[in-house]
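[1] Can you look at this prediction? I've put the sequence above it.
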Amino acid sequence: MTCVNLRSRAAATTLSVAVIGVLVGLTVWTTTRAESPALVGLDLGAAALSVGTTAWIVRRPITGGVVAGLLAAVSPAATPVASFAALHSARIRPFRLATVVAATGVAGQAVQGLWRPMPGLSYGWWLLLMAAAYAALLGWGNWLRARRNLVAALRDRARRAEQEQQRRVTEARQAERDRIAREMHDVLAHRLSLLAAYAGAIEYRPDSTPQRLTAAAAVVRDSAHQALEELREVITLLRRDDDHADGDAPPTRTLADVARLVEEAHAAGQPVRVDGSLPAPDPPARIGDTAYRIVREALTNARKHAPGELVELALGGAPGSRLTIVVSNQTVPGLTAAPGAGTGLIGLAERVALAGGGLTHETDDAGRFRLSAWLPWPA
């Protein structure tokens, strides 16, 4: 990038010097034919200095422009360079600094007009024309600078908008991945843990009667079938255009389905004790679906991390207050945590927060794990 900038600057300097050199040469040719040899020498010297000053103006427009304006007081050969300095400084420098260059140029032309008047033109008109010309150069350069800044600002805004769009796309993709992972975890973790429990019962009780083994195999088959059905349901919901604000699938379970979860756990050999009965009437669909997911995740975690331990489940609440869910079980010391342990609770906490509730979990000093959640229950 630096090499490209240096090459561009060198090319601009070379082009500027070449063009100004031609203009200075034409000026000297048209103004010195009727002059004395002394003035011709003065003009040639001023022309050489002016062409040399052009490169200085490209790099330092204010300082070079002031020098060019002073040279214009000596010879008309410096007029093209002083005009270029006014335009160039107004194009790349602030207006107040460019005004200094333009004022110096006008002053130089005023001095030049006093001792080398233009034939056929009064001094007043000469000075007015020079002031108007430098004012036009100043305005033109200032317009070019404003246009360049506007284009740069628009390009920067477009670049920022593109970056923002890319960031939003990346966040949307990540949110969709998290959503898919959460849905897959909710469905597969529950069903696969049940399958593992059923299969474990068959493995550790090979001496069971053929009827019991057949019944257990039938349960495994039914659970696998249900897992496929629920997985198909999740995939269908994920493919559907979703207009929900929280980006989750529409609720498919209610609080009444918690009883079926408990029955499945009992069938898999997981002891579960429900404190009381389910609240009635059922809460709204979104709240009931979230409560179902909380209980399902709690039972799944208990099967994975505390197999064989009694799980105590308590639900309570009424319309106009809160729906409370408390699930607790004794932990098993020394049991190796399953891969990805804790990710389900993280996703569950996010889901509960989206529903306007809260969720906490802890293990007390006695080694008992307790998950507590509450959800708003509108009247």
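    Yes, it's here.
[2] only C-alpha atoms for contact and neighbour calcs from this point on.
    Fine.
[3] Okay, helices next: where are they in the stretch 101-250 of the chain?
    123-184, 190-204, 210-239 (DSSP state H, counting those that start in this stretch).
[4] and of those helices, who's closest to Trp377?
    Among the helices of the stretch 101-250 of the chain, helix 123-184 comes nearest to Trp377, with 23.8 Å by Cα to Cα.
[5] where's that closest one relative to the chain centroid, distance-wise?
    Centroid separation between helix 123-184 and its chain, computed with Cα atoms, centre = their mean, to the nearest Å, is 19 Å.
[6] tell me the most buried of the helices of the stretch 101-250 of the chain?
    Of all the helices of the stretch 101-250 of the chain, helix 190-204 carries the top mean neighbour count, a mean of 18, counting by mean count of other Cα atoms under 10 Å.
[7] re the thing from before, of all the helices of the stretch 101-250 of the chain, which one is nearest Gln270?
    helix 190-204 (8.1 Å).
[8] and of the helices of the stretch 101-250 of the chain, who's closest to Pro279?
    Nearest of those (Cα to Cα): helix 190-204, 23.4 Å.
[9] Quick check: closest non-adjacent residue to Gln270.
    Nearest residue to Gln270 in three dimensions, chain neighbours excluded: Gly308, at 6.0 Å (Cα to Cα, 6 or more residues apart in numbering).
[10] Phi first, then psi, for that neighbour.
    Note on Gly308: backbone dihedrals following degrees, to the nearest 10 are phi 90, psi -10.
[11] Run a quick neighbour tally on it.
    Residues within reach of Gly308, counting by other Cα atoms under 10 Å, total 17.
[12] OK, contacts around it?
    Gly269, Gln270, Pro271 (Cα atoms under 8 Å, 6 or more residues apart in numbering).
[13] same deal with Arg60?
    For Arg60, counting by Cα under 8 Å, 6+ apart, there are no contacting residues.
[14] Tell me how far it lies from Leu299.
    77 Å (Cα to Cα, to the nearest Å).
[15] could you dump the helices of the stretch 101-250 of the chain to TSV with distance to Ala349?
    Shown next, in TSV, are these (distance: least, Cα to Cα, whole Å):
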stretch	distance to Ala349
helix 123-184	11
helix 190-204	17
helix 210-239	20
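[16] Please name whichever of those is nearest to Val262.
    Nearest of the helices of the stretch 101-250 of the chain (Cα to Cα): helix 190-204, 11.6 Å.
[17] Val111 contacts Ala73, doesn't it?
    Yes. Under the criterion of Cα atoms under 8 Å, Val111 makes contact with Ala73 at 5.2 Å.
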